[in-house]
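1. Mind looking at a prediction? Sequence and model below.
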Amino acid sequence: MKVRDLIIIGAGPAGMSAGIYAARSALSPLIIESQMPGGQVALTDFIENYPAFPNGMSGQELTKLMEEQCNNFNVEFMNFVQVDFVEKENKIFKLKTNQGDFFAKTVIVATGASPAELGIPGEREFKGRGVSYCATCDGPLFKDKDILVVGGGDSAVQEAIYLTKFVSSLKIVHRRDKLRARKMLQEKAIKNPKIDILWNSNLLEIKGKDLVKRVVIYNNKTNQKREIRIDGVFMYAGFKPNSSLVKNLVEMDKLGSIITDHKMRTSTTGLFAAGDVRNTPLRQVVTAVSDGAIAAINAEEYLEYELKQ
Ligand SMILES: Cc1cc2nc3c(=O)[nH]c(=O)nc-3n(C[C@H](O)[C@H](O)[C@H](O)COP(=O)(O)OP(=O)(O)OC[C@H]3O[C@@H](n4cnc5c(N)ncnc54)[C@H](O)[C@@H]3O)c2cc1C
């Protein structure tokens, strides 16, 4: 049984940053990733708020640079391996994956978050047939179409602006009378002639045959329902932390975010969490990479001092 010093779960910004810091501390980290490195960033068309890139850059470019930096420090990646469950026995963590068990003295959970489903009729039925959670992946499929974007936060508004490159018209459905997105994004969206905002509105149902054809919108001020003809629906209505793999090991908040202290320590000694999966006040690349660095440095401290006691 090979027991590694450190395994990092997830190769998004938090996991890759943890990898760089851990490798520089000679911990020979292994990053296990269920897909390809990048996480949510790889699915983001443009990042303009990450320092040191004054002209912004695509999410894929940023991912490539982070991966390259990991490779320069010999961080080991294992892609397309899904960690299903983490257990701890006699100070050793066992990671159960779809490709066998892995063992480590310390683990950093950097599994990020996934878009939340609204749970409305038609959402699952039309997933991939007009319902999407990723503008960069599916935007070009909606050239000259009329689409709907659900949500009012940064992701919803930013991706709506991006989608106007392709579509003929776009409606943002937002349940309140004010967007939550940053002011700059709000202004861009409001000025965009292709964007129409449906205030105080909830998406109730998605209808169609093989593909999405119509949606039912409910106005929560007037209590009126109406049907709109639409070709596609992009969902940006919240997120769900990917924390189920440690649900029996750590304390979580009501949303399922892993609770950590300022050193990224969870309620289980030797288990750290970083990035969007934890109870962070800001879910962004810049905070994820900061968390990853802090987690790696404290994992090193744990191996050096606490574990030996
Ligand atoms: C549409 C959109 C636009 C955004 N725009 C911006 C922006 O402009 N600027 C900004 O700073 N931030 C932006 N963000 C937020 C930013 O992408 C996230 O805050 C950041 O990616 C979080 O990094 P992370 O490493 O914590 O998690 P993630 O990026 O979610 O990475 C987690 C990784 O873990 C992997 N994983 C999950 N579960 C498992 C498992 N069980 N086993 C193995 N691997 C697993 C996933 O495949 C993924 O690769 C945006 C997000 C979205 C969705």
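-> Sure, I can see it.

2. Okay, domains of the chain per the record?
-> 3-114+239-306, 117-235 (automatic domain parsing).

3. Please identify the deepest-packed of those.
-> domain 3-114+239-306 (a mean of 20; mean count of other CB atoms under 10 Å). For every residue, glycine as well, the C-beta is placed using N, CA and C.

4. circling back: turn the domains of the chain into JSON lines, columns for distance to the ligand and mean pLDDT.
-> Shown next, in JSON lines, are those (distance: least, CB to the nearest ligand atom, whole Å; pLDDT from 0 to 100):
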{"stretch": "domain 3-114+239-306", "distance to the ligand": "2", "mean pLDDT": "96"}
{"stretch": "domain 117-235", "distance to the ligand": "4", "mean pLDDT": "95"}
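
5. V86 belongs to a strand, doesn't it?
-> Yes: counting by DSSP: H, G, I helix; E, B strand; the rest coil, V86 is part of a strand.

6. begin at 6 from here
-> From this message on, residue numbering opens at 6, which makes the last subject V91.

7. residues contacting the closest residue to it other than its chain neighbours?
-> Spatial nearest neighbour of V91, excluding adjacent residues (CB to CB, 6 or more residues apart in numbering): V251 at 5.1 Å. Applying CB atoms under 8 Å, 6 or more residues apart in numbering, we find V251 in contact with V91, V114, I263, T271, T273, L276, A278.

8. cutoff 7 Å now
-> V91, V114, I263, L276 (CB atoms under 7 Å, 6 or more residues apart in numbering).

9. what about it, distance to A121?
-> 19 Å (CB to CB, to the nearest Å).

10. can you give me the helices in the protein?
-> 18-29, 64-77, 140-143, 159-168, 188-196, 290-306 (DSSP state H).

11. nearest to R180, of those?
-> helix 159-168 (11.4 Å; CB to CB).

12. Can you show me the strands along the stretch 206-314 of the chain?
-> 206-213, 217-224, 229-234, 237-240, 244-246, 276-278 (DSSP state E, counting those that start in this stretch).

13. The third one - contacts with which helices or strands?
-> Taking 3 or more CB pairs under 7 Å, 6 or more residues apart in numbering; DSSP states H and E as contact, the helices and strands that strand 229-234 lies on are strand 217-224.

14. Likewise for the last one?
-> Other elements packing on strand 276-278 under the criterion 3+ CB pairs under 7 Å, 6+ apart are strand 105-114, helix 290-306.

15. Please report how far the closest residue in space to R187 that isn't next to it in sequence lies from L312.
-> Spatial nearest neighbour of R187, excluding adjacent residues (CB to CB, 6+ apart): D159 at 5.9 Å. Look at D159 and L312: by CB to CB, they are 39 Å apart.

16. Reformat the helices of the chain as a markdown table; add distance to M41.
-> Formatted as a markdown table, the helices of the chain follow (distance: least, CB to CB, whole Å):
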| stretch | distance to M41 |
| --- | --- |
| helix 18-29 | 12 |
| helix 64-77 | 9 |
| helix 140-143 | 13 |
| helix 159-168 | 20 |
| helix 188-196 | 28 |
| helix 290-306 | 17 |
